[in-house]
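> Just a sequence and a predicted model for now, questions to come.
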Amino acid sequence: MTTAPLRVAVSGAAGQIAYSLLFRLAKGDVFGSGQPIHLSLLEITPALPALRGVVMELEDCAFPLLNGISVSDDPAVAFRDIDAAFLVGSRPRGKGMERRDLLSANAAIFKAQGRALNEQAKRTAKVLVVGNPANTNAWIAIRHAPDLPHDAITSMIRLDHNRAQAQLAAKAGVDVTAVERLAVWGNHSPTMFADWQHAVVQGRPLPDLIGDHAWYRDTLIPTVAQRGTAIIEARGLSSAASAANAAIDHMRDWVQGSGDRWVSMGLASEGDYGLPQGLVCGVPALCRDGRIERVRGLELDAFARRMLDRTVAELMEERAAVADL
Ligand SMILES: NC(=O)c1ccc[n+]([C@@H]2O[C@H](COP(=O)([O-])OP(=O)(O)OC[C@H]3O[C@@H](n4cnc5c(N)ncnc54)[C@H](O)[C@@H]3O)[C@@H](O)[C@H]2O)c1
Ligand SMILES: O=C(O)C[C@H](O)C(=O)O
């Protein structure tokens, strides 16, 4: 029996993140080594010639799982009957900008794409918003896709989770995989909160193992929050391969399950932890059988509460700034 291909949309397909993402998707890194896919690539009209070159390269890899490729500059065509979408296409920030400076430039894109998803995507589709400001773009897309299930559209905070995991593991002198129950809360912005309060290494509390709370507050949290800026300063361009890798991790765990590992995902709030309903906020979650389960009922200490309130306040400001749309 042959397995039917899944239709996977990628917007911004001629951009730098897509240049890492597409090849790993076609290799099977998200949907598994037995699952063929069809890539449905979306770009703006002027980028279609460059995208043609990317398509040629994909063809030249002779990926056994790549069943077909289609290209469009119309979201209504690119999102037809899709099973999954990576919404990457949008403007990246340059030096001296914050991600929220992209709000007005990118909001219109996510309004149109939310509508197209609402009309065209399979009702079971899983959507990841990568384009910045990712949380608020996802919130816009959700507002314009009222017929999709509650958790169909998510935003990416996994890059921040991976960054924090790597830094914490290095400080503790353990493998990255040993760091568990880490959470990154809030906005994918400098206010994000990398929370080690519940983190463990082989059952031992990570804060006890590292034992340096000043380092956590004064170095780890700002380093993770400013990592995107540090990469722009160093590369002259925003992170790309690590962003594509985080998108793959997010979607793979959602599709194939995270086991008992907590992952951080930007999810529309259901009111847990006092987060305003519907606000798209980074929270800890588990993924099982293609569903997302929020990690509920965690005790937040006073520091965590303050950090969470700060990032939520920023998300509320962003939401207010695009409310007219
Ligand atoms: N959430 C995260 O953790 C994270 C991490 C890294 C980058 N990003 C964001 O991802 C986005 C893409 O980054 P990049 O480095 O690939 O940028 P890029 O400029 O290299 O590529 C973006 C592509 O999107 C295309 N595009 C623009 N408007 C579009 C539209 N309406 N429909 C379809 N395609 C469109 C452009 O033509 C371009 O090819 C940026 O907003 C960046 O800030 C997010
Ligand atoms: O920082 C950026 O603008 C790109 C991305 O969001 C990142 O965190 O690397």
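Yep, that arrived. Ligands and ions are numbered 1, 2, ... in the order given.

> Would you mind listing where the stretch 1-150 of the chain has pLDDT under the threshold?
1 (pLDDT under 70).

> and the residue of it nearest ligand 2?
residue 93 (4.4 Å; Cβ to the nearest ligand atom). Every C-beta, even on glycine, is put in place using the N, C-alpha and C of the backbone.

> Who are the contact partners of that residue?
99, 101, 102, 132, 232, 238 (Cβ atoms under 8 Å, 6 or more residues apart in numbering).

> now residue 175
Contacts of residue 175 (Cβ under 8 Å, 6+ apart): residue 169.

> The one 10 residues further on too?
When the contact criterion is Cβ under 8 Å, 6+ apart, the partners of residue 185 are 192, 193, 195, 264, 281, 282, 283, 284, 304, 307, 308, 311.

> hang on, it in a strand?
Yes - residue state for residue 185 (DSSP: H, G, I helix; E, B strand; the rest coil) corresponds to a strand.

> and it, what pLDDT?
Looking at residue 185, its pLDDT reads 98.

> quick one: the spatially closest residue to it that is not a sequence neighbour from residue 184, how far?
Once flanking residues are discounted, residue 185 sits nearest to residue 193: 4.4 Å by Cβ to Cβ, 6 or more residues apart in numbering. Going from residue 193 to residue 184 by Cβ to Cβ, to the nearest Å gives 7 Å.

> What of residue 218?
Taking Cβ to Cβ, one finds residue 218 at 18 Å from residue 184.

> show me the contacts for the residue in the stretch 1-150 of the chain that ligand 1 sits nearest to.
Residue nearest to ligand 1 within the stretch 1-150 of the chain: residue 15 (2.0 Å; Cβ to the nearest ligand atom). Counting by Cβ under 8 Å, 6+ apart, residue 15 touches 47, 88, 89, 92.

> Mind putting the residues you listed into JSON lines with secondary structure?
Shown next, in JSON lines, are the contacts of residue 15 (three-state DSSP):
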{"residue": "47", "secondary structure": "helix"}
{"residue": "88", "secondary structure": "coil"}
{"residue": "89", "secondary structure": "coil"}
{"residue": "92", "secondary structure": "coil"}
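
> List the contacts of the helix or strand encompassing residue 38.
Using DSSP states H and E, residue 38 maps to strand 37-42. With contacts defined as Cβ under 8 Å, 6+ apart, strand 37-42 is touched by 5-13, 18, 22, 25-26, 31, 51, 54-55, 58, 65-75, 78-80, 82, 89.

> Tell me the buried residues in the helix or strand just after it?
Note on strand 37-42: by DSSP H and E, the next helix or strand toward the C-terminus is helix 48-60. Across helix 48-60, burial judged by 16 or more other Cβ atoms under 10 Å covers 48, 51, 54, 55, 58.

> Is ligand 1 within reach of helix 48-60?
No - judged by Cβ under 6 Å from any ligand atom, helix 48-60 stays clear of ligand 1, getting no closer than 7.3 Å.

> what does the stretch 101-250 of the chain have sitting close to ligand 1?
Applying Cβ under 6 Å from any ligand atom, we find that the stretch 101-250 of the chain lies next to ligand 1 at 109, 130, 131, 132, 134, 156, 159, 188, 238, 239, 240, 243.

> For burial, what's the neighbour tally of residue 297?
7 (other Cβ atoms under 10 Å).

> That one and ligand 2: what is the separation?
Taking Cβ to the nearest ligand atom, to the nearest Å as the criterion, residue 297 is separated from ligand 2 by 29 Å.

> Pull the residues that contact the helix or strand hosting residue 194.
Assigned by DSSP H and E, residue 194 falls within strand 193-195. Outside strand 193-195, the residues that touch it by Cβ under 8 Å, 6+ apart are 160-161, 163-164, 182-186, 220-221, 224-225, 304, 307-308, 310-311.

> run the last query once more with 10 Å
157, 160-161, 163-165, 167-168, 181-187, 216, 220-225, 264, 282, 284, 298, 300-301, 303-304, 306-312 (Cβ atoms under 10 Å, 6 or more residues apart in numbering).

> In strands only, show me the residues you listed.
183, 184, 185, 264, 282, 284 (DSSP state E).

> what's around the closest residue to the second one other than its chain neighbours, how many residues?
What it means is residue 184. Distances taken as Cβ to Cβ, 6+ apart place residue 264 nearest to residue 184, at 4.1 Å, with adjacent residues excluded. If you count neighbours by other Cβ under 10 Å, residue 264 ends up with 29.

> again with the one 5 residues further on
Residue 269 is flanked by 18 other residues according to other Cβ under 10 Å.
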